[in-house]
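S.K.: fold the following, please.
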Amino acid sequence: MGQNKDTYKTDSTIKLIRDIWHLIEGRRTRFFVASFFELVSNLAWLYPAYALALVVNFLTNYSAGQPLTELKWIAILWIIASVVHYCGREIAYYIGFQLSERTSLDAQFRTMDHLLLLDLTWHEKENSGKKLKRIQKGGEGIDTVIRIWFDHIIQIVVNFLGMVFIIATFDLAVAAWTLVFLVTYFIISYFFTKYAGNSAHIVNIGEEDLQGVAFETINNIRSVKVLGMRHGLLEIIKQKIDDLFYKIKTRIGWFRSRAAVLNIWAQIFRLSLTFFIAWGIIQGHYELGFLVLFITYFNYVWESIDRLSNVILDFVVAKYGVSRMMDILKEPIVIDQDEGKRDFDWLKNALILINTQYLTYY
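M.R.: Numbering: from 1, shown residues only. Below you'll find the predicted structure:
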């Protein structure tokens, strides 16, 4: 199967981040404000699982007539943590998502402005539909990358560091095995993500080709009908659809294989550590609340590492799209370049003067 030479061409992650950092210039204060609210929101959400473990331990050791002061304080702090989490998250999303959408729209406008200044020789290399698809995918990629930061990255970092630290205060061995799970899960995910992300990019290239031909066909409908090109063009479109579907099947296969392997691996770790802690409770090494804490936190950590693997995949696909849009912005402007040129007014005035003298002479 033929592959576009751009299939494996990507800008580095650092360069992508620099490009987006440049694009949000003038909105960086809102970026930091939204990040702060998201950070506080996720830090507060570490408490409920810990509070649940305290409640279980309290009820396990409770005897009639024992004061309920500790239980009351746990409930109060739980309520406060919930309010901080949900309010902070929605404030962060309200500010952050506006930032991502506006940055995406501005980048698409900037690319369109640059595209209109490029020479005709460049425009003849690609059809109009493919150019529009590149701009669209690039804008979506910028929006995706910024949303990933607010919706995933901050939460993932807080969950990894905070939850493993809290588990370590109860038992270092369980915390160490949790870290082993995170590392192995990420390695397996990285292997599959590399191929899944590449197959997704190949599908995007195929979609660009298909949409480009379809756009040009509709845009030149008069020529198509007058010259009787309908059957020939439909044959080309049909061939591109079949080729695209083959690429889509490959993409689906990599995505589903990745999900199956990762879920089985996570279940093995969760069941093993759950029975390990249960045996420790039977032996008197742990309290029942630790089992509740571990199961809750492990589910959070599993969700976070799964999010991270998905985020990496989304990030790779978005990076391809942004890279291809940035390639347009990097194209040099030659004929329409204003630098080194003078306004036309002086020439116009000179022509008027010459014409006046010519008429006067004759």
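
S.K.: which helix or strand lies directly C-terminal to the strand or helix carrying residue 238?
M.R.: Taking DSSP states H and E as the criterion, the element that holds residue 238 is helix 230-282. For helix 230-282, the succeeding helix or strand toward the C-terminus, using DSSP H and E, is helix 288-330.

S.K.: apart from its chain neighbours, what residue comes closest to residue 38?
M.R.: Excluding its sequence neighbours, the residue lying closest to residue 38 (CB to CB, 6 or more residues apart in numbering) is residue 92, at 3.8 Å. Where C-beta positions appear, they are placed from N, C-alpha and C, glycine not excepted.

S.K.: likewise for residue 316?
M.R.: Excluding its sequence neighbours, the residue lying closest to residue 316 (CB to CB, 6+ apart) is residue 197, at 3.6 Å.

S.K.: what's near enough to touch the closest residue to residue 115 other than its chain neighbours?
M.R.: Distances taken as CB to CB, 6+ apart put residue 328 closest to residue 115, at 5.8 Å, once the chain neighbours are dropped. Shown here is residue 328, whose contacts under the criterion CB atoms under 8 Å, 6 or more residues apart in numbering are 111, 114, 115, 118, 131, 134, 135, 138.

S.K.: I figured residue 217 hits residue 224, correct?
M.R.: Yes. Under the criterion of CB atoms under 8 Å, residue 217 is in contact with residue 224, at a separation of 6.1 Å.

S.K.: residue 321: neighbour count?
M.R.: Other residues near residue 321 number 23, with proximity taken as other CB atoms under 10 Å.

S.K.: re earlier: ok, so of the contacts of residue 328, who is nearest residue 98?
M.R.: The nearest member of the contacts of residue 328 to residue 98, counting by CB to CB, is residue 138 at 19.4 Å.

S.K.: what's whichever strand or helix holds that closest one packed up against?
M.R.: With the criterion set as DSSP H and E, the secondary-structure element containing residue 138 is helix 128-148. For helix 128-148, the packing partners by 3 or more CB pairs under 8 Å, 6 or more residues apart in numbering; DSSP states H and E come out as helix 13-23, helix 69-117, helix 172-219, helix 288-330.

S.K.: quick one, it and helix 172-219 angle?
M.R.: The directions of helix 128-148 and helix 172-219 differ by 160 degrees, with axes from the mean of the first three to the mean of the last three CA atoms, to 10 degrees as the criterion.

S.K.: low-confidence ranges, the stretch 201-350 of the chain, go.
M.R.: Where the stretch 201-350 of the chain drops to pLDDT under 70, the residues are 333-350.

S.K.: pull out the buried positions in the helix holding residue 138.
M.R.: Within helix 128-148, the residues scored as buried using 16 or more other CB atoms under 10 Å are 129-148.

S.K.: reformat the helices and strands packed on helix 128-148 as a markdown table; add distance to residue 238.
M.R.: Shown next, in a markdown table, are the helices and strands packed on helix 128-148 (distance: least, CB to CB, whole Å):
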| stretch | distance to residue 238 |
| --- | --- |
| helix 13-23 | 36 |
| helix 69-117 | 30 |
| helix 172-219 | 10 |
| helix 288-330 | 26 |
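
S.K.: with respect to burial, which of these scores highest?
M.R.: Most buried of the helices and strands packed on helix 128-148 by mean neighbour count (mean count of other CB atoms under 10 Å) is helix 288-330; its value is a mean of 20.

S.K.: angle of that helix against helix 128-148?
M.R.: Taking the same axes, to 10 degrees, helix 288-330 and helix 128-148 form an angle of 150 degrees between their directions.

S.K.: can you give me how far helix 288-330 is from the chain middle?
M.R.: Mean-position distance between helix 288-330 and its chain equals 8 Å (CA atoms, centre = their mean, to the nearest Å).

S.K.: got the contact list for residue 54?
M.R.: By CB under 8 Å, 6+ apart, residue 54 lies in contact with 70, 74, 289.

S.K.: and it, what element?
M.R.: Take DSSP H and E as the rule and residue 54 turns out to sit in helix 47-60.

S.K.: in that helix, what counts as buried?
M.R.: In helix 47-60, residues buried by neighbour count (16+ other CB under 10 Å) are 47, 49, 50, 51, 52, 53, 54, 55, 56, 57.

S.K.: surely the second one touches residue 300?
M.R.: Yes. In this structure, residue 49 is within contact of residue 300 by CB under 8 Å, at 7.0 Å.

S.K.: now do the shared contacts for these two.
M.R.: Overlap between the neighbourhoods of residue 49 and residue 300 consists of residue 163, taking contacts as CB under 8 Å, 6+ apart.

S.K.: distance of residue 59 relative to residue 272?
M.R.: When CB to CB, to the nearest Å is the yardstick, residue 59 and residue 272 sit 27 Å from each other.

S.K.: equivalent analysis for residue 145, please.
M.R.: Here residue 145 is placed at a distance of 36 Å from residue 272 (CB to CB).
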